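>>> test case, fold it:
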Amino acid sequence: GGGQDEDGAADEENAQGMVVGSVSTVDDVAVFGAHLPHGKRTNLIITSGEPCREGGKMPKNQHNMTKLWEAGRLRIECVFDGRIRTRARHAMVQAVRCDHPPAELRAELYGKPISVAARGTTAATTAVYEPVPTVRAEDVPHKHMLCSCLQIWNRADHLLEWLRYYVHMMGVSKVFIYDNDSKEDDLAAKVSWLAKGYNISYTFWPERKTQIGFNGHCILRAARECKWVTMTDIDEFVYLQPDETPSQRLDDFLLQQEAAVGGVAFRMVTVSDSECRLKTPLGGVIKNYKCRTRENHGGNTKHILRPEAIHDTLYNCAHYYCYQYPAYRRESVAGSVGYLFHYKVQAWEEFMKKYQRRAGLGSRKFRTDDGQQVSIDKPTREFLGVCTECQTNDVMFFNDSALSQRYNCRLSWKYAGPLCKEPEALHPLLITGTGGFGSGMHGISAWLERHVPDQASRVAVSWELAFRAKSYPVAEQFPSFRYQRVFHQVQHPLHAMMAVMGLSSAAWDYIHEMTPVVPRNGSLVLRALYHWVTWNLFVDSISDWTFQVETVSARDICNHGKIPNCPTEDVPLLTHLPTPPHAVHLTWAKLADADPTVARIAKAMAQRYGYSVDDDSEPTNEHGYANVKTKWQALPASQRELADDEFGFADQKADGDGEDDGEDDDHDGEDQFE
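I've put the predicted structure just below:
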């Protein structure tokens, strides 16, 4: 799901090898790269210490470093600044651990290039020698109970969903992200944005086919501050059965493990698209893909491990790790306790991107048995074969919504199925969006109260109730309510962002708590942009239907919401959407000035929602209403109150009638509206 290549084939262009990273420990320095000169076989293990063992058994192709060196068969060295060499202690295919240079030379070598030499060849390098720590990693108190190592290649659009799941639901408190040379999706810029709300360490890791080296590099880094670390991809999600772990959090599950357990291995189950979709659907993988294989994914597992428990060679093959036996052992997690969802076959555009990445120059995936290049027919047949089998073969596949239910139950008020605690009251519908003055939410609520009063109390229209929280800045808490369906109300982003600019400080605190990348204070333009993007992305992941507030009709709401005794006129539900008097006039240029990366995300989302983003003209819809600020302000004071309901202004009086909250923001002290 990230930057890994399963078949491990060597690229001819990288025959010399490339060192891309190093980590210094108290005892040695570890160097990592692709196609290093000491060996090409992925199962190579060379050590000066105790052999690598798993459950008492020694893996094949294991050698003693000292014997190889003394016999002159293979001498592996680390090279510092092209001139100082030290002897290797341990080696595997993508990692070498060497002695440090003499103490008196280290200071002048810090920050200088470091590489690996063997068989008369020295690998090219982009890595540098880092200072030697003064304290062993195992002697430093852990800052984090659970961290994650994550390598990504052009999958940035999936990152926020992954973070929301692992941080908010599984207990991960730091993520080490390795950028495997993403060029198409602004990964570095998006990580910089997400790091405003999440604890992320970013590393550029450009070489392909370096999953094994990446694992070792990240394990050593995590050892300095993390008790446990997950080794999963961007399309892999750990799931725990509720009967075994009541909190269903991974950090709580790990707390139950014995001290001798060095790692827990979750078996993988493959989840695919059953609809053969060409384009990636809105809402993320958890919502959209549920076709699961009945058997595990070829016996493969993924590990959550203690960094200090891994063998000194750092030997691994993505699905297998060598532990410090007998001090530590691996525990296999039974399916009755939990497993790992691997969203392997997604919509075609995602499937093909991943397929091409894995099919390198030497890969078997794009070649016939005689080595000839194959056509696009091969991945097409594989994709169609899986998704059509999902539709017809109930012996091999079944619909598994467990992860989707867990996600909805933990993060929202949606009743997604029996994994949700049975609510005291089950209401039919929640309509939610980004909120704010002029969003139209009050207008929809008022329409329901006028036309279907017997149902209005059971249909919630609230931006705040998008998330399941302990308290809300305005709305009452509904701890015993859940909703059968969730509708996502969207609005032209320029208008919607202007609508939220009048939110109170309490509202912004709540938004920050639910979506940490949105700051509590600072530039209103920036906050409005971040809120619109992150809030809509979350509601996408839980909603059953999305509609434009500018064009939705009464019939649309009634039919999709299954509301009884409801008028069914096929006319726009709302005839006015006000622009708040306090709002800063927004343009796409202003949003790009605030944050060009997130502004591009907002534009792409707006197009997915069906809006034009060609220019910065005043947001309108086909029915012709636009900015009514001037019309509202021109009314005599005695008539403004009468106009409030028509223009949708009345809902702003619920939060102290627009009292100033004292913030010194870029709306120059204008009144705050909720």
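>>> which other helices and strands contact whichever strand or helix holds Phe32?
Phe32 is part of strand 29-34, with elements assigned from DSSP states H and E. Counting by 3 or more CB pairs under 8 Å, 6 or more residues apart in numbering; DSSP states H and E, the packing neighbours recorded for strand 29-34 are strand 18-24, strand 95-98, strand 114-118, helix 211-222. Backbone N, C-alpha and C define where each C-beta goes, glycine included.
>>> quick one: that strand to chain centroid distance?
Centroid separation for strand 29-34 versus its chain: 27 Å, with CA atoms, centre = their mean, to the nearest Å.
>>> what's the first helix or strand after it?
Taking DSSP H and E as the definition, the helix or strand that follows strand 29-34 towards the C-terminus is strand 45-47.
>>> other residues contacting that next one?
38, 51-52, 59, 61-65, 68, 74, 76, 88-92, 311-313, 315, 322 (CB atoms under 8 Å, 6 or more residues apart in numbering).
>>> narrow the residues you listed to just the buried residues.
By neighbour count, with 16 or more other CB atoms under 10 Å, the contacts of strand 45-47 hold 38, 52, 59, 62-63, 65, 68, 74, 76, 88-92, 311-313, 315, 322 as buried.
>>> average pLDDT across the lengthiest helix in the chain?
When every helix of the chain is counted residue by residue (DSSP state H), the longest turns out to be helix 524-542. Helix 524-542 comes out with an average pLDDT of 97.
>>> which helices and strands does it pack with?
Contacts defined by 3+ CB pairs under 8 Å, 6+ apart place helix 524-542 against helix 159-168, helix 285-288, helix 402-411, strand 481-490, helix 493-500, helix 505-514, helix 588-594, helix 596-608.
>>> switch those over to a markdown table; also include distance to Glu550.
As requested, the helices and strands packed on helix 524-542 are exported to a markdown table (distance: least, CB to CB, whole Å):
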| stretch | distance to Glu550 |
| --- | --- |
| helix 159-168 | 26 |
| helix 285-288 | 25 |
| helix 402-411 | 28 |
| strand 481-490 | 9 |
| helix 493-500 | 8 |
| helix 505-514 | 23 |
| helix 588-594 | 18 |
| helix 596-608 | 12 |
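>>> report pLDDT for Arg221.
Note on Arg221: pLDDT of 97.
>>> mind listing what it touches?
Under the criterion of CB under 8 Å, 6+ apart, the contact partners of Arg221 comprise Val23, Phe176, Ser201.
>>> at 7 Å what do you get?
For Arg221, the set of contacting residues under the criterion of CB atoms under 7 Å, 6 or more residues apart in numbering consists of Val23, Phe176.
>>> likewise Cys558?
Residues touching Cys558, when contacts are defined by CB under 7 Å, 6+ apart, comprise Cys566, Thr568.
>>> one more pass at 10 Å, please.
With contacts taken as CB atoms under 10 Å, 6 or more residues apart in numbering, Cys558 has the following neighbours: His451, Val452, Gln455, Pro564, Asn565, Cys566, Pro567, Thr568, Glu569, Leu573.
>>> the longest strand anywhere in the chain: how far from the chain's middle?
Of all segments of type strand in the chain, defined using DSSP state E, the longest is strand 261-272. In terms of CA atoms, centre = their mean, the centre of strand 261-272 is found 19 Å from the chain centre.
>>> pLDDT on it, on average?
Model confidence over strand 261-272 averages 94 on the pLDDT scale.
>>> how about low-confidence regions in this structure?
Counting by pLDDT under 70, the chain has low-confidence residues at 1-16, 55-56, 296-298, 357-377, 474-480, 575-576, 578-583, 615-674.
>>> now, which of the contacts of strand 45-47 lie within helices?
Using DSSP H, the members of the contacts of strand 45-47 that fall within helices are Met65, Leu68.
>>> follow-up on the earlier one: pipe the helices and strands packed on helix 524-542 into a markdown table and attach distance to Trp205 and mean neighbour count per row.
Putting the helices and strands packed on helix 524-542 into a markdown table (distance: least, CB to CB, whole Å; neighbours: other CB atoms under 10 Å) gives the following:
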| stretch | distance to Trp205 | mean neighbour count |
| --- | --- | --- |
| helix 159-168 | 16 | 21 |
| helix 285-288 | 23 | 23 |
| helix 402-411 | 28 | 21 |
| strand 481-490 | 36 | 22 |
| helix 493-500 | 34 | 28 |
| helix 505-514 | 31 | 19 |
| helix 588-594 | 29 | 16 |
| helix 596-608 | 20 | 18 |
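>>> out of the ones you listed, nearest to Leu426?
Across the helices and strands packed on helix 524-542, the minimum distance to Leu426, taken as CB to CB, is reached by strand 481-490, at 5.7 Å.
>>> which helices and strands sit right next to the closest one?
If contacts are counted by 3 or more CB pairs under 10 Å, 6 or more residues apart in numbering; DSSP states H and E, strand 481-490 sits against helix 402-411, strand 425-432, helix 441-451, strand 459-461, helix 524-542, strand 545-548, helix 554-561, helix 596-608.
>>> the ones you listed into JSON lines, with extra columns for distance to Ala507?
As requested, those are arranged in JSON lines below (distance: least, CB to CB, whole Å):
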{"stretch": "helix 402-411", "distance to Ala507": "19"}
{"stretch": "strand 425-432", "distance to Ala507": "14"}
{"stretch": "helix 441-451", "distance to Ala507": "13"}
{"stretch": "strand 459-461", "distance to Ala507": "16"}
{"stretch": "helix 524-542", "distance to Ala507": "10"}
{"stretch": "strand 545-548", "distance to Ala507": "23"}
{"stretch": "helix 554-561", "distance to Ala507": "25"}
{"stretch": "helix 596-608", "distance to Ala507": "20"}
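>>> coming back round to it: quick one, the longest strand of the chain and helix 402-411 angle?
Taking axes from the mean of the first three to the mean of the last three CA atoms, to 10 degrees, strand 261-272 and helix 402-411 form an angle of 110 degrees between their directions.
>>> what residues of strand 261-272 count as buried?
Under the neighbour-count criterion of 16+ other CB under 10 Å, strand 261-272 has Val261, Gly262, Gly263, Val264, Ala265, Phe266, Arg267, Met268, Val269, Thr270, Val271, Ser272 buried.
>>> so what's the fourth one up against?
Counting by CB under 10 Å, 6+ apart, Val264 makes contact with 228, 238, 250, 253-254, 257, 301-306, 330-333, 337-338.
>>> give the ChimeraX command for selecting the buried subset of those.
Here the buried members of the contacts of Val264 are turned into a ChimeraX selection, burial being counted by 16+ other CB under 10 Å:
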select :228,238,250,253,254,301,302,303,304,305,306,330,333,337,338
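>>> in a strand, Lys302, correct?
Yes: counting by DSSP: H, G, I helix; E, B strand; the rest coil, one finds Lys302 located in a strand.
>>> look up which residues are beta-bridged to it.
Assessed by DSSP bridges, Lys302 has beta-bridge partners Phe266.
>>> quick one: residues contacting it.
Residues in contact with Lys302 (CB under 10 Å, 6+ apart) are 230-233, 236, 238, 264-268, 318-319, 339-340, 342.
>>> rerun that using 6 Å as the cut-off
For Lys302, the residues meeting the contact criterion (CB atoms under 6 Å, 6 or more residues apart in numbering) are Thr232, Phe266, Leu340.
>>> what does Phe481 give?
Applying CB under 6 Å, 6+ apart to Phe481 gives the contacts Ala425, His427.
>>> try 7 Å
Applying CB under 7 Å, 6+ apart, one finds that Phe481 lies in contact with Trp413, Pro423, Ala425, His427.
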